[in-house]
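**Q** just coords:
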């Protein structure tokens with residue numbers, strides 16, 4: 001790795017990182033940033049390039065980029081992180097018997113990098129090119145979702161969330177990934193006996 005202060009701007013644009021303080025205040029930021037060409041943009045509210053009928057993918061990414069727990073999870077990471085974070089609670093629970101860290105899938109890594117670029121205030125261009133994620137999606141789905149092929153948003157969303165869950169080392173166990181913690185809901189079923197009339201009918 002080459003460390004040169006003159007390359008700091010390039011590094012920040014290619015691989016954005018965020019401090020905890022920046023993450024905590026990101027939703028209250030209303031200040032516009034400027035790209036290399038002087039165009040103003042609001043971090044997090046940027047356009048995604050369409051590579052050819054990839055608007056379905058872009059729509060899902062835009063929606064997920066604003067789900068706070070999911071967004072903050074990836075903002076706390078950097079391009080150097082290749083293993084899924086383990087919560088301190090899980091580590092202390094398993095102790096020495098804790099499993100080896102799970103190596104995140106290429107799909108997860110590309111998604112995380114895209115999220116950080118979307119929320120960066122140090123961009124060269126005010127829009128973001130998601131081609132790395134689109135390629136990862138095409139490979140992982142065996143070209144079920146790819147450039148030039150229109151897809152149904154609901155179908156892609158379900159597939160994508162499941163792939164992120166698995167790519168983060170998620171299992172059927174509740175809370176086993178940030179996807180499970182954020183999107184898995186609960187259903188409560190209540191049954192009531194029908195009220196009977198005084199005559200027993």
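**A** That came through, no problem. This is a predicted model, so every value here is computed, not measured. Residues are numbered from 1 along each chain as shown.

**Q** helices or strands next to the longest helix anywhere in the chain in the packing?
**A** Counting by DSSP state H, the longest helix found in the chain is helix 153-167. For helix 153-167, the packing partners by 3 or more C-beta pairs under 8 Å, 6 or more residues apart in numbering; DSSP states H and E come out as helix 55-64, helix 106-118, helix 178-183. The C-beta positions use only the backbone N, C-alpha and C, and glycine is treated the same way.

**Q** Which of these sits closest to residue 12?
**A** Among the helices and strands packed on helix 153-167, helix 106-118 comes nearest to residue 12, with 10.6 Å by C-beta to C-beta.

**Q** Following the chain onward from the closest one, which element is next?
**A** helix 131-140 (DSSP states H and E).

**Q** what angle do that next one and helix 106-118 make?
**A** Orientation of helix 131-140 against helix 106-118 (axes from the mean of the first three to the mean of the last three C-alpha atoms, to 10 degrees) gives an angle of 160 degrees.

**Q** Return the set of buried residues in helix 131-140.
**A** 133, 134, 135, 136, 137, 138, 140 (16 or more other C-beta atoms under 10 Å).

**Q** Reformat these as JSON lines; add pLDDT.
**A** Output for the buried residues of helix 131-140, formatted as JSON lines (pLDDT from 0 to 100):
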{"residue": "133", "pLDDT": "96"}
{"residue": "134", "pLDDT": "96"}
{"residue": "135", "pLDDT": "96"}
{"residue": "136", "pLDDT": "97"}
{"residue": "137", "pLDDT": "96"}
{"residue": "138", "pLDDT": "95"}
{"residue": "140", "pLDDT": "96"}
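
**Q** Residue 116: which of those is nearest?
**A** Relative to residue 116, and with distances defined as C-beta to C-beta, the nearest of the buried residues of helix 131-140 is residue 133, at 12.0 Å.

**Q** Would you check how far apart the residue nearest to the closest one when sequence neighbours are not counted and residue 126 are?
**A** Among residues not flanking residue 133 along the chain, residue 110 sits closest, at 4.3 Å (C-beta to C-beta, 6 or more residues apart in numbering). Plainly put, residue 110 is 21 Å away from residue 126 if you go by C-beta to C-beta, to the nearest Å.

**Q** now residue 181
**A** In terms of C-beta to C-beta, residue 181 sits 32 Å off from residue 126.

**Q** measure residue 130 to residue 28 for me?
**A** From residue 130 to residue 28 the distance is 26 Å (C-beta to C-beta).

**Q** Residue 74 now?
**A** Counting by C-beta to C-beta - residue 74 and residue 28 are separated by 19 Å.

**Q** what do you get for residue 181?
**A** Taken as C-beta to C-beta, the span from residue 181 to residue 28 is 24 Å.
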